[in-house]
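S.K.: next input, structure requested:
(one chain, ligands or ions: 3)
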Amino acid sequence: MTLLEVKDLKVSFPTADGVVRAVRGVSFTVDAGRTLGIVGESGSGKSVMTQTLLGLTPGGEISGSAVFDGVDLLTLGEDEMRKVRGAQISVIFQDPLTSMHPLYRVGWQISELIRAHDKSVSKREARERSIDLLRRVGIPRPETRVDDYPHQFSGGMRQRAIIAMALALSPKLIIADEPTTALDATVQAQILDLLLELQRESDTALIMITHDMGVVADIADDVMVMYAGRAAERAGKDDIFYAPHHPYTKGLLESIPNSSAGGDRLKPITGQPPSLIRLPSGCKFHPRCGYVMDRCLSEEPTLRPVGDDGYHVSACWLPTAAAGLSEQAEEIRKKTVRAERSEASEQIAEEIAAAPESEGSVI
Ligand SMILES: Nc1ncnc2c1ncn2[C@@H]1O[C@H](COP(=O)(O)OP(=O)(O)OP(=O)(O)O)[C@@H](O)[C@H]1O
Ligand code: SF4
Ligand SMILES: [Mg+2]
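M.R.: Ligands and ions are numbered 1, 2, ... in the order given. Predicted coordinates for the structure are as follows:
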């Protein structure tokens, strides 16, 4: 069952330097009980997009629709939105310290959240529920830990407590924005396991925003790769990892250490993400794309099906047969590129090939 359907979402911010086009027409759906992984370099619009769904982008010019459980979130006023936030959709941010008030006890903060949404719950009941929630997310001795202040918790425990808060009102959707970036690898794996376990128990939908393809590999069902405020590619996880079509997705896979796509080096994608005020012409990835062709300089590709299932879509002019990491796919890409290049695109390709990898951005 589709829980959230986002259609052609656009968000721009007028600034003194010009209009920042942070989200330029993104569409996706999330079903109950499923996890959508959203990946892309810094500045690709991941956070703005999801914050807009929750009315957290003041000053942004917004268009499109985002129907959640039958209601278009983009039409809600602040009061109505407050009822959705936390109770139906909750968010887990990267830094647990900014999500918790340092001067209030952990348990009190969870209890207050519960009581703010349901006045009939007594203080005692709310405290009991907070202890239960802390136990559920794996905090040891929750009966005493409930009275700790956030700084008495380790980073991993704070993030667990944030997850407890996110679960407090049994939301239908959890949006996790880089929830594990600040944590070491072991704690990160524990937190991801925990999220998956809780999701299975309660059929919650999850949107996981991350820079880390490893995290996507671990937990996503579907993946949307974002570039310059748009989806470059969207597919089920296996297609993203084994049959990527968009050269940017391929680049992300190659930047995973030890991946089969990239050998044993950390391989950056050459160049930097574009300015969202002065976007390049044509395909926004063309100044960094090793497969750049003539039409890429003037025509922006839109998403089109590139697989058999109709769900796998990519915004790239390369032929659909170019999907994949095999030698054969690479031959098709090279052959197409040879046929579709003249001087202008040839020159860009040469500059990309000559650029030192160290100048690339590693996500
Ligand atoms: N209020 C605002 N006014 C102007 N520009 C903004 C505003 N909020 C965000 N932006 C810009 O929108 C773009 C997208 O930002 P966003 O935070 O969504 O990126 P992101 O993909 O989440 O990146 P990261 O991976 O670094 O978190 C950035 O260029 C950012 O500077
Ligand atoms: S459209 Fe062209 S520039 Fe853009 S990703 Fe595809 S090949 Fe590269
Ligand atoms: Mg972000």
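S.K.: residues touching the residue nearest to Val6 when sequence neighbours are not counted, list them.
M.R.: Distances taken as CB to CB, 6 or more residues apart in numbering put Ala66 closest to Val6, at 4.7 Å, once the chain neighbours are dropped. C-betas here are computed from N, CA, C, even on glycine. By CB atoms under 8 Å, 6 or more residues apart in numbering, Ala66 lies in contact with Leu4, Glu5, Val6, Lys7, Leu9, Thr52, Leu53, Asp72, Leu73, Leu74.
S.K.: and for Arg288?
M.R.: Here Arg288 is in contact with Tyr248, Ile269, Thr270, Gly271, Ile352 (criterion: CB under 8 Å, 6+ apart).
S.K.: ramachandran angles for it?
M.R.: Here is the backbone geometry of Arg288 (degrees, to the nearest 10): phi -120, psi 0.
S.K.: which secondary element of this structure has the worst mean pLDDT?
M.R.: helix 96-99 (a mean of 64; mean pLDDT, DSSP states H and E).
S.K.: got the CA positions of the helix or strand that that one is followed by in PDB?
M.R.: Note on helix 96-99: by DSSP states H and E, the next helix or strand toward the C-terminus is helix 106-117. Coordinates of each C-alpha in helix 106-117 appear next as PDB, following Å, rounded to 0.1, in the frame of the first residue of the first chain:
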ATOM      1  CA  VAL A 106      16.100  12.000  28.600                       C
ATOM      2  CA  GLY A 107      13.000  10.400  30.000                       C
ATOM      3  CA  TRP A 108      11.300  13.700  30.600                       C
ATOM      4  CA  GLN A 109      11.800  14.700  27.000                       C
ATOM      5  CA  ILE A 110      10.200  11.400  25.700                       C
ATOM      6  CA  SER A 111       7.300  11.800  28.200                       C
ATOM      7  CA  GLU A 112       6.600  15.400  27.200                       C
ATOM      8  CA  LEU A 113       6.500  14.400  23.600                       C
ATOM      9  CA  ILE A 114       3.900  11.700  24.400                       C
ATOM     10  CA  ARG A 115       1.900  14.000  26.600                       C
ATOM     11  CA  ALA A 116       2.000  16.900  24.000                       C
ATOM     12  CA  HIS A 117       0.200  14.700  21.500                       C
END
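S.K.: would you mind listing the buried residues in helix 106-117?
M.R.: Within helix 106-117, the residues scored as buried using 16 or more other CB atoms under 10 Å are Val106, Gly107, Trp108, Gln109, Ile110, Ser111, Glu112, Leu113, Ile114, Arg115.
S.K.: got it, and stretch 79-99?
M.R.: Using 16+ other CB under 10 Å as the test for burial, stretch 79-99 gives 81, 84-96, 99.
S.K.: quick one: is that stretch near ligand 1?
M.R.: No: against ligand 1, stretch 79-99 shows no contacts by CB under 6 Å from any ligand atom, the least distance being 7.9 Å.
S.K.: how far does that stretch sit from its chain's centre?
M.R.: Relative to its parent chain, stretch 79-99 has a centroid offset of 16 Å by CA atoms, centre = their mean, to the nearest Å.
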